[in-house]
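Colleague: Model the following, please.
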Amino acid sequence: MQNSPSEDKTPVVGSSSSPPVGGLCFSDGRRKVDYVLVSHQRRRGSIRSFVSTSVSHDRLSIVSNGNFPTSVGSDAAAGRGGGVPGGEVASVGEVFMEMGGAAGNELTEPADHEMHLIRQEFEASLLEAGLEIERDRELKTHGPSFTRIHAPWPVLCREAEFLRIKVPTKASYELKEESGFGSTMSTVWRKMNQPFQPKVPHQDQERTKFLTHCFSRDKLHLYNIPSKDTFFDNATRGRIVYEILRRTVCVRTCQTIGISTLIAKGVYDAAFPLHDGDYKVLGQLEERSDRQVLNDEWARYSAFYKYQPIDLVRKYFGEKIGLYFAWLGVYTQLLIPASIVGIIVFGYGVATVDTNVPSLEMCDERLNFTMCPLCDGACDFWQLSTACGTARASHLFDNPATVFFAIFMSLWAVLFLEHWKRRQISLSFSWDLTGIEDDEEHPRPKYETILLQKRQRKQKNKKKKKKKNEPEKQEDGTVTGKDRWRQKLLSAMAAGIPAAIEKLTWKDRLPGYFINVSSILFMFGLTFSAVFGVIIYRITVSALMAMSPDPETKSNVRVTVTATAVIINLVVILILDEIYGAVALWLTELEIPKTETHFEERLILKAFLLKFMNAYAPIFYVAFFKGRFAGRPGNYVYVFNDYRMEECAPGGCLIELCIQLSIIMLGKQLIQNNIFEIGIPKLKKLVRAIKDKGSAEKEMEEERPPQQWNLDYALAPFEGLTPEYMEMIIQFGFVSLFVASFPLAPLFALLNNVIEIRLDAKKFVTELRRPVAVRAKDIGIWYNILSGMGKFSVIINAFVISFTSDFIPRLVYQYMFSQTGTMHGFIDHTLSYFNVSNFKPGTAPQNLEQGDITVCRYKDYREPPWSPDAYTFSKQYWCVLAARLAFVILFQNLVMFLSLVVAWGIPDVPKTIVEQFKREKKLLVDVFLREEKEKFQLIQSLFSKDATLHPGTHPLHPGQGLPLPGRYNTLPPGPTQGSAGDGGGPRARCRAASFSQFSRNIPPSPRSENENSRHTAV
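Modeller: Residues are numbered from 1 along each chain as shown. This next block holds a predicted model:
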């Protein structure tokens, strides 16, 4: 498939007036549009300083002083007529640009002219790389202008070999089916799963697997190539074109590399591969495109009960997006057992609430526990039985089953990570990601810009030093002999030393690092200030409501304050979430990361750190700090000398932690899903539609039906997977970190994720431009974050159970202080005595409705007022504290040990994958050995034939001078090539692609040797 030079130089073509319906091909209806570049056209005129003649409407020509070769910019080659009108020949140094637009003589802005020159050079470089380009014939006076790109077969082959893309070979094998009982169970399981499987074409061919191998132009005969147009799918074609766009250099007009730099500079507005037509099915079901299949079987809310077509998602969007949805699917599936266990734990609390002795004692009015006032002056003494509802609700989440659930969820997190590792390796094997190397990344535009500025500063400094240190000249202007010798020596030394590779050092990034550290500390302070502000709100509102004369208001103080404070917390969290996302992006830009991978990793770490602190700071306060530093009656801790620090509810802080966690978790999910992910994109789309309404109507009149590139350009650009992962990681924290206080968290996470999967699917299929298919072996830094949160959750749950809940005090009372070995008397045991005469002046209740009271109770382990050590911590306090610390150590070590056992017991690589990998490796070796054997036999037969035609030569035997099998170079000189006198023997070209070259004799010549020593281009 050797191409002629004329075919290799594919010209720029203009689209016909009636492009094909759908807009997936060039105007000829055959060549696919693999990529689209969009540039925004502003007001265009005609710029020419010395020619007043008008030009044709569809012609654009640039004559430059050698910057643009005439072969590239020639319109004559494109079949569009061309050259300068009237036969004029532009002189050297003459620059003019002629654009359609007979109606105007207005000059374009210099910036637009410069952008156009950059585009001309960039697209000329794309043509030199072998790509084919098509533009619209009609030159628009304003609006977007589209440049379509097609990669022909030779370019696809060249780049596929360069990128080491694995493709299926002709060799295949049948996957082993289980036998016996395992086979029966597999069959039953498949039949049970059948209703949950998506209807994806060619899904039944799973039992046959084709061997894959890195593409090579020398081994085309090994690959199953039914059609060159469909051998590489659209996602792979788009990725190949993107790789060319990414490394294409503009050196004459601007020092830039790649399309991303040009988009950042404003040369192009956008660059994207096309979707596979409309997502709505218009014809028969059998003729559905991949996008239509994904829309019908994946992106519909009615398909919530079905498995995801992960292989098709990977085929259409690439491995990186496929791994995200596979991870989300595994996470959602494993939430099902966690939700079931959480419902059982909650059900146990509901079933035992009527038999729970501590809550019954709190609700018993006959015990008559008179509690100390909740605020100074305005608040009266109150009965503990009035907090009966809080105590009963607290038991729903604070019961012995909670400890089991905390251990279960810690092991569940380990099981989830281990299961995902196995799933990830299985996907890597089935998607041929094993053994892939990380692609070399080009620097980011910001990095290049800063580096260029650094070079320019260095050059200026060198020039200044050079002027300063110029050798002294004599009066006649000549350099003296000694200085001349020194100058020559220095110049020679400079010529021999290679120039150092310029790069940014830590000194260049030091200001960015300083701003990063100070900004992150400031954001932490802002988060803590928001939490403290809500605390002040709770304290002041509680005091104000306690002073109300309305008894109903007084009775609902705690519920009202808790609910409103949590809602305020939620609003603050949502607002700061958006602010922190923008701040993390800005701070990462200040660090000037070199590549997109480094940029993404640093952005993820900053955004996670800020958003984690923002989401969990109020929860950490309620769990570990609220009520710990409130003091005691007669010696309370005050804020601003007026307001008492708040205390936990009589039933404990766990119920408040549950309320806080549930409202923040549900509110974040509902608001972010419904408003941020659905409402805001639709609002932006509506605003964009209203803004472009006038121009769109004109374009619709001129161009019917709308082309696919117009439809895709109207979609929102793909901005990465970081927001999607971040949302799920924060949710994973709600499920794992404080799950001991809210056993229903996995259930609500499951319900959210079922909707989230379909919401994200719909967004990717219908609302976003098609992203470039990016290869990825794993989910990257997100796995490390998940693993760290899983380990952190063990410690958090241990402290929640031991310090926030009443689990440990109950155990200590039952086995150390109870007279009967039961929980009877537990409430009285946890309440200390306070003599009301010890109130500070002005803090005692002013309106005594309870009568004459001398002693009140408060929740703490302190000595009574009649003790010699009045109001100091009692022996029970130290016993409970020791038990709590011992439980933390025991719980942590037990769970860590069980986690290690689970991780050790589950191998990372499934056994079936190991067997398949070995089998494929053996089959590939057999395929290549068979190929080498055929080549060896063919070469031997050719030399045997040559020996019969030339009796003077000795026939070769297998051990005499034959080339080693598997070598791709020409045969070594010697007996195999004949002597110069006999006219030369045949020159065998040992290529794996074809053996047709052996059919005739080729006389030896330097040219033939040179051609035989290199691969023939496909």
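Colleague: Low-confidence bits of the stretch 101-250 of the chain, can you list those?
Modeller: Along the stretch 101-250 of the chain, the model assigns pLDDT under 70 to residues 101-110, 138-141, 177-182, 202-206.
Colleague: The stretch 551-700 of the chain now?
Modeller: The model of the stretch 551-700 of the chain has pLDDT under 70 over residues 554-555, 673-674, 691-700.
Colleague: Domain parsing of the chain, as residue ranges.
Modeller: Using the TED database, the domains assigned to the chain come out as 23-43+110-179+227-277, 913-944.
Colleague: Serialize those to a markdown table and add fields for mean neighbour count and distance to residue 723.
Modeller: Backbone N, C-alpha and C define where each C-beta goes, glycine included. Below are these laid out as a markdown table (neighbours: other Cβ atoms under 10 Å; distance: least, Cβ to Cβ, whole Å):
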| stretch | mean neighbour count | distance to residue 723 |
| --- | --- | --- |
| domain 23-43+110-179+227-277 | 18 | 19 |
| domain 913-944 | 14 | 32 |
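Colleague: Can you add distance to residue 902 and give the ones you listed back as a markdown table?
Modeller: Formatted as a markdown table, those follow (distance: least, Cβ to Cβ, whole Å):
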| stretch | distance to residue 902 |
| --- | --- |
| domain 23-43+110-179+227-277 | 25 |
| domain 913-944 | 20 |
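Colleague: what's the closest of these to residue 679?
Modeller: Of all those, domain 23-43+110-179+227-277 sits nearest to residue 679, with 23.7 Å by Cβ to Cβ.
Colleague: list the contacts for residue 324?
Modeller: For residue 324, the contacting residues are 721, 724-725, 779, by Cβ atoms under 8 Å, 6 or more residues apart in numbering.
Colleague: and the longest helix along the chain, what other elements does it pack with?
Modeller: Scanning the chain for the helix with the most residues, using DSSP state H, yields helix 506-546. Applying 3 or more Cβ pairs under 8 Å, 6 or more residues apart in numbering; DSSP states H and E, we find helix 506-546 packed against helix 551-555, helix 557-591, helix 596-624, strand 638-639, strand 643-644.
Colleague: Among these, which comes closest to residue 317?
Modeller: Residue 317 lies closest, by Cβ to Cβ, to one member of the helices and strands packed on helix 506-546: helix 596-624, at 17.2 Å.
Colleague: outside of the next helix or strand after that closest one, which residues touch it?
Modeller: Sequence order places strand 631-632 as the next helix or strand after helix 596-624, per DSSP states H and E. With contact meaning Cβ under 8 Å, 6+ apart, strand 631-632 is reached by 637, 644-645, 832, 834, 858, 860, 862, 871.
Colleague: Can you verify my assumption that residue 822 contacts residue 814?
Modeller: Yes - counting by Cβ atoms under 8 Å, residue 822 touches residue 814, with 6.9 Å between them.
Colleague: out of the two, which sits in the busier spot?
Modeller: Between residue 822 and residue 814, residue 814 has the larger neighbour count (other Cβ atoms under 10 Å), namely 16 against 11.
Colleague: so what pLDDT did that one get?
Modeller: Residue 814 is assigned 89 on the pLDDT scale.
Colleague: What does the pLDDT read for the residue lying closest to it once chain neighbours are set aside?
Modeller: Once flanking residues are discounted, residue 814 sits nearest to residue 823: 6.0 Å by Cβ to Cβ, 6 or more residues apart in numbering. Note on residue 823: pLDDT of 85.
Colleague: now the one 4 residues further on
Modeller: The score at residue 827 is 88. That number is its pLDDT.
Colleague: Name the nearest residue to it, ignoring sequence neighbours.
Modeller: Nearest to residue 827 is residue 361, by Cβ to Cβ, 6+ apart, at 4.3 Å.
Colleague: Relative to residue 134, how far out is the one you found?
Modeller: Remark: distance between residue 361 and residue 134 (Cβ to Cβ, to the nearest Å) = 83 Å.
Colleague: Likewise for residue 942?
Modeller: Taken as Cβ to Cβ, the span from residue 942 to residue 134 is 46 Å.
Colleague: centre of the chain versus stretch 515-531, how much separation?
Modeller: The chain centre lies 25 Å from the centre of stretch 515-531; the measure is Cα atoms, centre = their mean, to the nearest Å.
Colleague: Identify the residues contacting that stretch?
Modeller: Outside stretch 515-531, the residues that touch it by Cβ under 8 Å, 6+ apart are 569, 572, 576, 580, 583, 587, 590-591, 606, 609-610, 613-614, 617-618, 621.
Colleague: next one: stretch 916-926
Modeller: Stretch 916-926 is contacted by residues 171, 173, 175, 209, 211, 213, 429, 434 when judged by Cβ under 8 Å, 6+ apart.
Colleague: Could you export that stretch as CSV, CA atoms only?
Modeller: The C-alpha coordinates for stretch 916-926 follow below in CSV (Å, rounded to 0.1, in the frame of the first residue of the first chain):
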residue,chain,number,x,y,z
GLN,A,916,-6.2,-16.7,30.7
PHE,A,917,-3.1,-14.5,30.7
LYS,A,918,-0.8,-17.5,30.6
ARG,A,919,-2.9,-19.1,27.9
GLU,A,920,-2.9,-16.0,25.8
LYS,A,921,0.8,-15.6,26.2
LYS,A,922,1.4,-19.2,25.0
LEU,A,923,-1.0,-18.8,22.1
LEU,A,924,0.8,-15.6,21.0
VAL,A,925,4.1,-17.3,21.1
ASP,A,926,2.8,-20.1,19.0
